[in-house]
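heads up, no residue letters with this:
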């Protein structure tokens, strides 16, 4: 992966070529930004690229928007799909929508008929359910609001693609953080040895066991966007109070599920569990 | 104490006499209401009395307001003070204001100079600190707002006096409720044998010990107004966890103070304590 | 349904006949207890019946135990099954065990081979999963411990059958209680209008909506045994904070599941939810 | 302050001289340990010194114990008091015991009469109230148990004195940690701008204001022993909810006191406050 310094030193054409695909079928964007080099930070580079996009003439902008592939399982069969789009759409997994997929396809057609360009969304920041919800909400926009919404999404998409393509000082923040912590409030110590499972839209995506400090060795999600969507943590505590003298049989709590919604993909989310034998408290921590 | 039925059956003059002192030096008020008898409820009687007051001509009303005694330790020495006023002012205990008493006296004089009648407040619904706070707030009113405020207070005063003077159906609600409940969330059972003390403005006014259900045998306050003011409950839990195997020495919690402010004298306040050995939670319950 | 007074007044034979089926194929039990009449309470009547059972000669007792039907979906096809047994086994629904049913059948055969009488359990006090767990635990007993365990279960069975057959003073306690309560700790008031669903072993068995006091109009379970097993309450709070100014989109909590295990079928279980917008606490209340 | 390397390089006599006063009137202790040099860590040096003490002949040991000054306000007037003892006793402030001081003096005399040496305690690890409690408990010891207890205290005293006299690798842990954290669970963010006061035995010893992360800029106590005793944190939250739409007037909570007992002077104590507008939770965190 090139460094920012290396990108700063390239010819304009080579610079544009190095950033090919950060924007979909639009080599003119990095080419226009090339003249503003050198960039001191990767964030400044991204800001310059987005300024080119946002200040383009309306017809150029609409052409650019029209150059985006449709978001659809069928699009994955199109050999013209860029590899970034293919990877992003595959990671999203729209097929998990099940019978809602037809609703998405219908909405997607209605969107393109209304606005003249395909529905664009940064799929790395969303779950399929919220991509569908966003489509339904944005269908009500007028063309000006929707052009702005599409460009905001292109800002998110290109920022994520850019940090995969260059290293250097001042990297933009693209990742979030999700962690937990178990405190045993019946015995006044961290809750160790408790398995935590993390589900996103009912799919297990991560698990870990709390250590002596009541934390999993690594964060449940770190360094990537937290997809907007609904999550569930499950704390497996059935064995934790096995030798506690004030327990019942069967035990009062065996699995403690905590369901929550993520709204900020780049946010810092900490969800502690204050665990007594006959009570628990959870909250959004910091 | 006469019943409402008995009051309904009296002559107008005897009715007015029976209610003498519910309003300060104003026999014309019950006399005017007498003609609306019979009253089906004590609440309806009180409403009728207050309607007489609120619909009186402005000069009559101001005369009535001027007939009230000043709220002051000095007023207690005045033999013309009605026994109801004497009892209420004694119960309030303005002397506990200490050095703030001078501020109250100054404000009181400024109030009478501005409005032409003494500062009137239902002292059975307030602590001295909040009587002072109320005086300072009401000094900023204009005369119309202040006349209304004074009549509201007379409504509270007369309602309390009336329920001391007559029994019958439809008694107005003049009392509040304050109670607590201790749950032992470390052992999954009520917290029994815990002494609870209740302080109002730093003075101990009630104490009790929780029974097998985690409650005191009687409410901490019941059937009288909860004086607007600041309170503190102290839960004495040092011995409660004496035989709990996961305690420290000295014990983590020995006394748990919970400070709170009462805003509704006729309200229902329930303040549970969820007590673990190394945690507690309190909240306004219902 | 006859009253206890009426039972007390019958001939011995009619008394025994009136209680036919409280014990499985054992008219000699009520006949022996008949001579101790009159009974002052239904509880005293049940105690007398169980004393007859517990003091029977060992071979009589084993004969009695052997007279019980096997607990099995197949037994439901046997026309000799008493109607009480049929109703109880149907209510249990062993078929819900799915592939664990074969494990139960195997254990059941092993049990009968080891002890000489069928596995007896008060199925109205258990879920199928805990009937299976109980079988596996009791298989390890020796014959004396197991005879005692079987008689304890017959005590539970006959107590429940008896209260379906006679009314009168001193009814034995056969039912439990399960309720909830939602307090809105962000706004200091009961949590109204929240739908609560109750699941037992993943099957929805009851739902309700909280009223102005934060409670469902009726208890979630009342007046019947709480089957030993695992439960889940789901609090549907997505709309509750719809107009709360400090919410996120998507909302932080939409469904709050609380899973718990019931150990005492005749117990009083109260499970409050202290609900803030970004926190919640649950505990075993009283 | 000399480094451990420098101490390792001194002559035996200079080494003993450099550590003069770490043990009270006992230059023979460092002199005996000098021969084991070089020490790799300061902890190893302290262990070696204590081994000299613990393996001394009984009469030598008792002489050493007898060489300690009495713990008493009167002792401060004795010019023979070592400066370390003077500073430690002054920091303790036995005078704050008030009328309990006479009980302490009586107990202290009884102690010396019973054991033949003065009551020795590491006063930097205790509040006066717990020094008194410890004296009363230790009076019941037999001589063997009490000699061991006194040597344990000398271990604590000398460890604290040593870290004031030498720097180097492997410093022994002599300090504890006490901190807090406020989470606003009504609004889902850290609780900023809240003043926290820390009292020890009713004396204010530290205060701070929470920053944007809900923490005070520095720990409430750090790097020194947490004196065994009773503490209170006061969270001043009256203004925190001033613009919150679901507050009452007067506000529900204005000051939240949390009282707790410290048992481990070198422990890590974290005491969060989960603050809603109508609830709060506190616990021992980690």
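Cool, got the structure. Quantities reported herein were computed from a predicted structural model and do not represent experimental measurements.

what's the local residue count around residue A:250?
As a burial measure, residue A:250 scores 17 neighbours (other C-beta atoms under 10 Å in any protein chain shown). Every C-beta, even on glycine, is put in place using the N, C-alpha and C of the backbone.

what sits against it?
With contact set as C-beta atoms under 8 Å, 6 or more residues apart in numbering or on different chains, residue A:250 has these partners: C:130, C:228, C:229, C:230, C:261, C:262, C:263.

how about the residues of the stretch 101-250 of chain A by chain B?
Within reach of chain B by C-beta under 8 Å from any C-beta of the partner chain, the stretch 101-250 of chain A has these residues: A:184, A:185, A:186, A:187, A:188, A:245, A:246, A:248.

of these, closest to residue D:139?
residue A:188 (29.8 Å; C-beta to C-beta).

identify the residues contacting the closest one.
Contacts for residue A:188 were tallied using C-beta under 8 Å, 6+ apart; they are B:246, B:248, B:252, B:277, B:278, D:284.

you'd agree the last one is up against residue D:268?
No: applying C-beta atoms under 8 Å, one finds residue D:284 not in contact with residue D:268, separated by 10.1 Å.

show me where chain A has helices.
A:4-9, A:12-18, A:28-34, A:42-54, A:58-66, A:83-92, A:100-115, A:128-138, A:143-163 (DSSP state H).

now do the same for residue A:95: its pLDDT.
Per-residue confidence at residue A:95 stands at 81 (pLDDT).

which residue is the nearest non-sequential neighbour of it?
residue A:73 (5.8 Å; C-beta to C-beta, 6 or more residues apart in numbering or on different chains).

quick one: the closest residue to residue A:75 other than its chain neighbours and residue B:211, what's the gap?
The shortest distance from residue A:75 to any non-neighbouring residue, by C-beta to C-beta, 6+ apart, is to residue A:69 (5.0 Å). Distance, residue A:69 to residue B:211, using C-beta to C-beta, to the nearest Å: 71 Å.

which one's more surrounded, those two?
Using other C-beta under 10 Å, the more surrounded residue of residue A:69 and residue B:211 is residue A:69, with 18 against 13.

distance between the ends of stretch A:124-132?
End-to-end span of stretch A:124-132 (C-alpha to C-alpha, to the nearest Å): 14 Å.

can you list contacts of that stretch?
Contacts for stretch A:124-132 (C-beta under 8 Å, 6+ apart): A:71, A:88, A:91-94, A:96-97, A:100, A:103-104, A:107, A:121, A:123, A:134, A:156-157, A:160, A:200-201, A:224-225, A:227-230, A:265, C:250.

got it, and stretch A:134-146?
By C-beta under 8 Å, 6+ apart, the list of residues contacting stretch A:134-146 reads A:104, A:107, A:108, A:110, A:111, A:114, A:115, A:119, A:121, A:126, A:149.

flag every buried residue along stretch A:11-24.
If you call a residue buried by 16 or more other C-beta atoms under 10 Å in any protein chain shown, then stretch A:11-24 has these buried ones: A:15, A:16, A:18, A:19, A:21, A:22, A:23, A:24.

can you tell me, leaving aside adjacent residues, what's nearest to the first one?
The shortest distance from residue A:15 to any non-neighbouring residue, by C-beta to C-beta, 6+ apart, is to residue A:34 (4.5 Å).

give me every residue that touches that neighbour.
A:12, A:15, A:16.

adding pLDDT, write the residues you listed out as JSON lines.
Output for those, formatted as JSON lines (pLDDT from 0 to 100):
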{"residue": "A:12", "pLDDT": "96"}
{"residue": "A:15", "pLDDT": "97"}
{"residue": "A:16", "pLDDT": "96"}
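
quick one, domains of chain A?
What automatic domain parsing lists as the domains of chain A is A:4-163, A:177-282.

just say which of those domains is most tucked in.
Stretch with highest mean neighbour count among the domains of chain A: domain A:177-282 (a mean of 19; mean count of other C-beta atoms under 10 Å in any protein chain shown).

show the average pLDDT along that one.
97.

with stretch A:114-132 instead?
pLDDT averaged over stretch A:114-132 gives 96.

ok, now stretch A:60-68?
So the average pLDDT for stretch A:60-68 ends up being 94.

can you tell me what sits against it?
For stretch A:60-68, using C-beta under 8 Å, 6+ apart, the contacting residues are A:23-26, A:29, A:53, A:56, A:116-118, A:120, A:147, A:150-151.

quick one on the thing from earlier: looking at the domains of chain A, which is closest to residue C:235?
That would be, of the domains of chain A and by C-beta to C-beta, domain A:177-282, which comes in at 10.4 Å.

picking that back up, list just the nearest of the contacts of stretch A:134-146 to chain D.
Nearest to chain D among the contacts of stretch A:134-146, counting by C-beta to the nearest C-beta, is residue A:126 at 21.1 Å.

looking at the sheet around that closest one, what are its partners?
residue A:228 (DSSP bridges).

quick revisit: just flag the most distant two among the contacts of stretch A:134-146.
Taking C-beta to C-beta as the measure, the contacts of stretch A:134-146 span a maximum distance of 20.8 Å, between A:114 and A:126.

so who does residue A:89 touch?
Counted by C-beta under 8 Å, 6+ apart, residue A:89 has contacts A:71, A:75, A:76, A:81, A:123.

could you check how far it is from residue A:77?
Per C-beta to C-beta, residue A:89 is found 11 Å from residue A:77.

residue A:178 now?
To residue A:77, residue A:178 is 34 Å away according to C-beta to C-beta.

give me the phi and psi for the residue nearest to residue A:278 when sequence neighbours are not counted.
Spatially, and ignoring its direct neighbours in sequence, residue A:278 is nearest to residue B:188 (3.6 Å; C-beta to C-beta, 6+ apart). Note on residue B:188: its backbone torsions stand at phi 70, psi 40 [degrees, to the nearest 10].

with residue A:248 as the reference, measure out to residue B:188.
From residue B:188 to residue A:248 the distance is 7 Å (C-beta to C-beta).
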